[in-house]
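Next one to model:
(chains A and B)
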There are 2 protein chains.
Amino acid sequence: MDVTPYSCMTTEELEREYQRVLADFEHCKSQGLNLNMARGKPSKAQLDMVSGILTMLQTPEDCIDDGIDARNYGELAGIPCARAYWADVLGCKPSEVFVGGAASLNMMFDVVARAFSHGLLHSPRPWCKEEKVKFLCPAPGYDRHFQIGEFYGAELITIPMTPTGPDMDLVEEYVKDPQVKMIWTVPKYSNPDGIIFSQETIQRFANLKPAAPDFAIIWDNAYCIHEFEGDYVPFPDIISLCAQAGRPDMVYEFASTSKITFAGGGISCMAASEANIKYFTDIFGIQMISYDKVNQLRHVRYLKNKAHTLEIMKGHAAIMAPKFRTVAEYLNREIAPLGFAHWNDPKGGYFVSLFTMPGTANRAWQLCKEAGVTMTNAGATYPYGKDPQDSNLRIAPSLPPVAELEQAMDVLCTCLKLAALEKLLNK
Amino acid sequence: MDVTPYSCMTTEELEREYQRVLADFEHCKSQGLNLNMARGKPSKAQLDMVSGILTMLQTPEDCIDDGIDARNYGELAGIPCARAYWADVLGCKPSEVFVGGAASLNMMFDVVARAFSHGLLHSPRPWCKEEKVKFLCPAPGYDRHFQIGEFYGAELITIPMTPTGPDMDLVEEYVKDPQVKMIWTVPKYSNPDGIIFSQETIQRFANLKPAAPDFAIIWDNAYCIHEFEGDYVPFPDIISLCAQAGRPDMVYEFASTSKITFAGGGISCMAASEANIKYFTDIFGIQMISYDKVNQLRHVRYLKNKAHTLEIMKGHAAIMAPKFRTVAEYLNREIAPLGFAHWNDPKGGYFVSLFTMPGTANRAWQLCKEAGVTMTNAGATYPYGKDPQDSNLRIAPSLPPVAELEQAMDVLCTCLKLAALEKLLNK
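As a prediction, the model looks like this:
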């Protein structure tokens, strides 16, 4: 194998390499693959592993907890045991938890939707009455976060990610602008970089003194207990940190069991100050009757508490870790020696964030597609779906079995090389 | 028992009756009751009856339907078999169904919320940009419908109910006003009057030619198969009727299993034209990943189809009918001879709508509360919670067992009399 970095090759060498990689690519295409590394979908093995949850509730008596019948109306904020469960997982109080349905995203959306239509707890007016509203978007980040801001016409401002979390110097500077109303974060195993915000970063979030009285931190703790390598990494409770720093109502935390039990049938939560929970419970009281409490109880009976859930997470880790090792092996063997790309090496979460040669991510994505491998759209990890460097690709290796993943990574590596060579050779 | 109507009594006779009823009331209070006829909550017997649903899915294989794994992400509009199930129940097409979570109210709210923030399919602009938005509210009606309009600042216009549905002459007149954007209906066993809209009323709805291009009929078919006396009453598909009349996108229909399986853990649906389903699927794609598909599949496996669901509804009817008979018996025996009130005699739904002596509903509600019987707030069945006649009370007899219901009805009848007598005697 040629181990000269592309940057050290002569044009002639590059041309030879191009012909070789092009042949590889044609070979990939000829296999008629149909593989998907686009979304952080759990694999069938993971879903099968938690089948016990299906039969946790079997009789009417099973459906009653502490005198509350989960099958009937009532308990808008969730059955007490489910609020207590999430408080245990996140390190906050049960009174700071509102339990949701299958998608935490829906509650994040609702927070933004209500902020625009009616305002948040400390809003002087609904955000739709503001001349302009700006959202800070650490990027690479989660496309669905950015889309919500775009849907409501907020101006999305990119904040670069660093190895310790978002660039907090920039964040602290931007929040002096009263039009800056919100920041989106995934504080543990960030999507897609897999970064755990450092203690200092977290404290700087809690210490923020934004000009907007209703500035909101969306703390999407989607991967709060989602280690696949090494021990569980303890994580501070952002709600009490914000309270200690004097802005108790500034943060809205979210979590779900989408990657603990069933992505298509889990439960979620919003955690926030008691004042915020009251504010939103009043609004949710107009919006709905309650989320599915039978499923809440089913989950609590199965997951029991944080300690037992962490045991279940070890089962997920055993399935996930070999897949991430496969990704790393391919990238280290096929791409690292060529020197035109770098990537992260996460210990948890669902993604590998790959930075390929600037100006070639979209082309590599397109080539993958031609060869039957679906990746998350290039650019999706940036506001408005536009990566200014056209460099970042999000690899989601959780769904395919390892054998398929190897095929997909082979295709991806070939396409990364081909796109880089096309660029270097002005093809 | 005195059978002279109050209107025919002399002041002296009224005073004697007052002292007698007051003594009854004091007796009621002394019992220290704590009974609830406030909400259309299913009873424990009804919930127990459908326990089979808890164990419909037990293995990984059970969770896969037609190649689709209900446990994983995907199928935003609902798994195909659940869309087909609702289409069967409502008489529309599967492609006209979006399957929701535990509360259909949440999707109604979302339709209104999106109308205000972004507009509906044919909106020239978001409703929040309109100078004024007016909602037609047939009343007595469902308080939670009215609250959604109030929350968004719409002007609520009361439309009187008739025995065949809302006063359609008025509706046809009002929709000439382009500011009139929406009407709220419960077309079968209306809440609380228990009225089934007549064929003529339904056709006049479909034939509406509102001035607003984005006028929306909320067709909340909450009790679409909820007969408790007599056979299932067939009901036309409003979506195809609107299409035939040339306004296919004017209607948004809703239904749920809240009163078929579990009020706290059912599934729901929105049915509308394919164009509307596409419009909202695009929006819901930003808002969430999907509603709980495992519960959708659990429901389809248990309920099977419309025919089988109608069999299950007979079980509910067997539990519900004696309760409605109890209500009727008490009212017919205790109140009818006194001539100051009238009420409906529904064959389905969850409520009895009682019109007591004008100016006394609130007082009767207050007296009930003092005697330990919780009723839906007087006035709740009218926009802004204000019944101009102060006459309507909604009786929800489904939750208490018959023995408790008898106690509650005894209290209610006493309080109705006492409030009427206080009024007649200027007490």
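
Leaving out chain neighbours, which residue sits closest to residue A:351?
Counting by C-beta to C-beta, 6 or more residues apart in numbering or on different chains, residue A:192 is the residue found nearest to residue A:351 once chain neighbours are left out, at 3.8 Å. (Glycine included, C-beta is placed from N, CA and C.)

Likewise for residue A:241?
Spatial nearest neighbour of residue A:241, chain neighbours left out: residue A:206 (3.7 Å); criterion: C-beta to C-beta, 6+ apart.

What about the one you found, how many residues nearby?
Applying the criterion other C-beta atoms under 10 Å in any protein chain shown, we find 21 residues in the vicinity of residue A:206.

mind listing what it touches?
With contact set as C-beta atoms under 8 Å, 6 or more residues apart in numbering or on different chains, residue A:206 has these partners: A:238, A:241-242, A:244-245, A:247, A:251.

so which two of those are the farthest from each other?
Using C-beta to C-beta, the two most remote members of those are A:244 and A:251, lying 11.9 Å apart.

more crowded one of these two?
Neighbour comparison, residue A:244 and residue A:251: the larger count goes to residue A:251, with 26 against 12 (by other C-beta under 10 Å).

give me the element the closest residue to the more buried one other than its chain neighbours is part of.
The spatial neighbour of residue A:251 that comes closest, neighbours along the chain excluded (C-beta to C-beta, 6+ apart), is residue A:217 at 4.4 Å. Here residue A:217 is covered by strand A:216-220, with elements defined by DSSP states H and E.

which residues sit against that strand?
Counting by C-beta under 8 Å, 6+ apart, the neighbours of strand A:216-220 from elsewhere in the structure are A:104, A:108, A:111, A:115, A:120, A:142, A:145, A:181-187, A:205, A:208, A:238, A:242, A:250-254.

Quick one: check the helix or strand of chain A with the lowest mean pLDDT for contact with chain B.
For chain A, the helix or strand with the lowest mean confidence is strand A:35-37, at a mean of 92 (criterion: mean pLDDT, DSSP states H and E). No - residues of strand A:35-37 are not located near chain B by C-beta under 8 Å from any C-beta of the partner chain, the shortest gap being 10.9 Å.

Follow the chain on from that strand and name the next helix or strand.
Beyond strand A:35-37 on the C-terminal side, the first helix or strand identified by DSSP H and E is helix A:44-49.

Pull the residues that contact that next one.
Around helix A:44-49, the neighbours that count as contacts under C-beta under 8 Å, 6+ apart are A:259, A:262-263, A:312, A:315-316, A:319-320, A:398, A:401, B:60, B:63, B:69, B:71-72.

Tell me which of those fall in helices.
A:312, A:315-316, A:319-320 (DSSP state H).

what residues are up against the residue lying closest to residue A:371 once chain neighbours are set aside?
The shortest distance from residue A:371 to any non-neighbouring residue, by C-beta to C-beta, 6+ apart, is to residue A:28 (4.2 Å). Residues touching residue A:28, when contacts are defined by C-beta under 8 Å, 6+ apart, comprise A:371-372, A:410-411, A:414-415.

go again using 10 Å as the cut-off
Taking C-beta atoms under 10 Å, 6 or more residues apart in numbering or on different chains as the contact definition, residue A:28 lies against A:367-368, A:370-373, A:407, A:410-415, A:418.

I only care about those residues that end up buried; give me the PyMOL line for that.
Selecting just the buried residues from the contacts of residue A:28 in PyMOL takes one command, with 16 or more other C-beta atoms under 10 Å in any protein chain shown as the test:
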select buried, chain A and resi 367+368+371+372+373+407+410+411+412+413+414+415+418
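
In this structure residue A:301 contacts residue A:54, no?
No - the criterion here is C-beta atoms under 10 Å, and residue A:301 misses it with residue A:54 at 11.5 Å.

Would you mind telling me which of the two has the busier surroundings?
residue A:54 (24 against 16).

Could you double-check that the more buried one lies in contact with residue B:55?
Yes - at 8.2 Å, residue A:54 and residue B:55 qualify as touching, with contact defined as C-beta under 10 Å.

Overlap in contacts, the two.
Between them, residue A:54 and residue B:55 share the neighbouring residues B:62, B:298, with contact defined by C-beta under 10 Å, 6+ apart.

on that earlier part again, what would the contacts of residue A:28 look like in CSV with pLDDT?
As requested, the contacts of residue A:28 are exported to CSV (pLDDT from 0 to 100):
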residue, pLDDT
A:367, 98
A:368, 98
A:370, 97
A:371, 97
A:372, 97
A:373, 97
A:407, 97
A:410, 97
A:411, 98
A:412, 98
A:413, 98
A:414, 98
A:415, 98
A:418, 98
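
So which of the contacts of residue A:28 belong to helices?
Applying DSSP H to these, the entries found in helices are A:367-368, A:370, A:407, A:410-415, A:418.

Run through the residues that contact the closest residue to residue A:109 other than its chain neighbours.
In this structure, residue A:109 finds its nearest non-sequential neighbour in residue B:287, 4.4 Å apart by C-beta to C-beta, 6+ apart. For residue B:287, the contact set (C-beta under 10 Å, 6+ apart) comprises A:103, A:105-106, A:108-110, A:112-113, A:144, A:147-148, A:151, B:76, B:110, B:113-114, B:280.

Neighbours of residue A:10, how many?
9.

pretty sure it is touching residue A:425, no?
No - counting by C-beta under 10 Å, no contact exists between residue A:10 and residue A:425, whose distance comes to 11.5 Å.

sorry, back to before: return the distance of the residue nearest to residue A:109 relative to residue B:118.
11 Å (C-beta to C-beta, to the nearest Å).

what do the two both touch?
Common neighbours of residue B:287 and residue B:118 (criterion: C-beta under 10 Å, 6+ apart): residue A:151.

mind listing the helices for chain A?
Ranges of helices within chain A are A:11-30, A:44-49, A:80-90, A:104-117, A:143-151, A:168-174, A:199-206, A:238-244, A:274-287, A:293-303, A:306-330, A:361-370, A:402-424, based on DSSP H.

How about stretch A:130-149 and chain B, any contact?
Yes - in terms of C-beta under 10 Å from any C-beta of the partner chain, part of stretch A:130-149 sits within range of chain B, namely A:144, A:147-148.

Any idea how far apart the tips of that stretch sit?
15 Å (C-alpha to C-alpha, to the nearest Å).

now that stretch, how far from the chain's geometric center?
Between the centre of stretch A:130-149 and the centre of its chain there are 14 Å (C-alpha atoms, centre = their mean, to the nearest Å).

Can you give me every residue that contacts residue A:298?
Counting by C-beta under 10 Å, 6+ apart, residue A:298 makes contact with A:53-57, A:62-63, A:70, A:82, A:261, A:265, A:267, A:292, B:54, B:265, B:294-295.

Next one, pLDDT for residue A:289 please.
In this model, residue A:289 is scored at 89, pLDDT.

who's in contact with the nearest residue to it once chain neighbours are set aside?
If you skip the residues right next to it in sequence, residue A:289 has residue B:103 as its closest partner in space, 4.6 Å away by C-beta to C-beta, 6+ apart. Contact criterion C-beta under 10 Å, 6+ apart gives A:73, A:101, A:287-292, B:109, B:144, B:254, B:256, B:258, B:263-264, B:266-268 as the residues in contact with residue B:103.
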